[in-house]
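Visitor: Would you be able to build a 3D model of this:
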Amino acid sequence: MTDEDREPDGGRRRDSLPTDREEPVGEPVVRADPEITGERAREAVGFDPDDPESLAEAATTVRAFSENTVGDEDNVYMLRGAAACAALVRGVGSYKKAAERAGGDVSVSFIRKWARVHDLPQAVRRHVARGHIAPTAAKHIARVPGPDRFDLAWAVLDGDLTVREVRRAASEVNDGRSVADALAEHGVRLGRLELAVSPDRYRELRLRASLENRTPGDIVDEALDDYFD
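Guide: Presented below is the predicted three-dimensional model:
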């Protein structure tokens with residue numbers, strides 16, 4: 001059996017945080033959130049892989065998406081196309097059959113890449129919809145498994161990585177390099193984040209850090225351990 005014939009993996013790797021989609025395939029969870037997409041939330045279209053009519057609409061959407069009939073700067077539209085790809089794959093059972101069902105010049109590679117974007121965790125997809133992470137960068141983030149995909153996504157936000165840099169970092173991680181080393185190559189230190197706190201908290205944080213011979217980051221990290229526990 002080739003990769004093109006293989007049925008997509010429906011399993012999830014469970015880490016301290018879910019690193020894959022938890023919502024039903026095709027459901028417009030992010031696209032239908034008015035806090036993310038504003039008035040366009042009312043126009044959000046879902047795709048049900050178990051509904052023949054919805055599956056037919058997904059196939060039409062995938063073909064139009066591949067032909068780029070709408071500008072590729074529209075992040076919400078691209079998330080819709082990704083949802084259609086994922087639903088079509090789930091509905092017909094393989095990437096190869098999905099490409100055949102969509103028709104035209106739709107390739108297996110195209111469907112696989114965008115279906116993976118749809119399968120990214122919601123926390124990442126929300127930044128795609130907001131325009132903070134380019135959909136083309138999300139394609140490369142989705143290539144990386146486990147928590148490393150979060151690290152790459154947040155590096156785009158905090159380290160201003162370009163799509164080309166994300167692609168290279170993703171390839172290096174998949175080749176066995178640690179995500180920290182791959183990001184350092186592009187001037188991004190994993191775990192570094194600029195925060196704004198109230199003047200009172202800032203004053204107290206600096207005071208405590210000095211008296212305890214620690215860095216502010218150590219104290220914040222300890223406080224976050226308690227918060228997330």
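Visitor: Now do the strands in the chain.
Guide: Ranges of strands in the chain, per DSSP state E: none exist.
Visitor: mind listing what residue 195 touches?
Guide: Applying C-beta atoms under 8 Å, 6 or more residues apart in numbering to residue 195 gives the contacts residue 220. Any C-beta I mention is one placed from the backbone N, CA and C, and that applies to glycine too.
Visitor: Now it: phi and psi?
Guide: phi -120, psi 150 (degrees, to the nearest 10).
Visitor: how far away is it from residue 87?
Guide: Residue 195 sits 39 Å away from residue 87, going by C-beta to C-beta, to the nearest Å.
Visitor: Residue 57 now?
Guide: Taken as C-beta to C-beta, the span from residue 57 to residue 87 is 9 Å.
Visitor: of the two, who's got more company?
Guide: residue 87 (30 against 18; other C-beta atoms under 10 Å).
Visitor: rewinding a little: overlap in contacts of residue 57 and residue 87?
Guide: residue 47.
Visitor: and the helix ranked longest in the chain, what other elements does it pack with?
Guide: When the chain is scanned for its longest helix (criterion: DSSP state H), the result is helix 75-92. Under the contact definition 3 or more C-beta pairs under 8 Å, 6 or more residues apart in numbering; DSSP states H and E, helix 75-92 sits against helix 52-66, helix 95-102, helix 108-118, helix 122-130, helix 135-141.
Visitor: and that helix with helix 95-102, angle?
Guide: Per axes from the mean of the first three to the mean of the last three C-alpha atoms, to 10 degrees, the angle that helix 75-92 makes with helix 95-102 is 110 degrees.
Visitor: Just want the angle from helix 75-92 to helix 122-130.
Guide: Using the same axes, to 10 degrees, helix 75-92 lies at 130 degrees relative to helix 122-130.
Visitor: hang on, the earlier thing: of all the helices and strands packed on helix 75-92, which one is nearest residue 33?
Guide: Of all those, helix 122-130 sits nearest to residue 33, with 7.8 Å by C-beta to C-beta.
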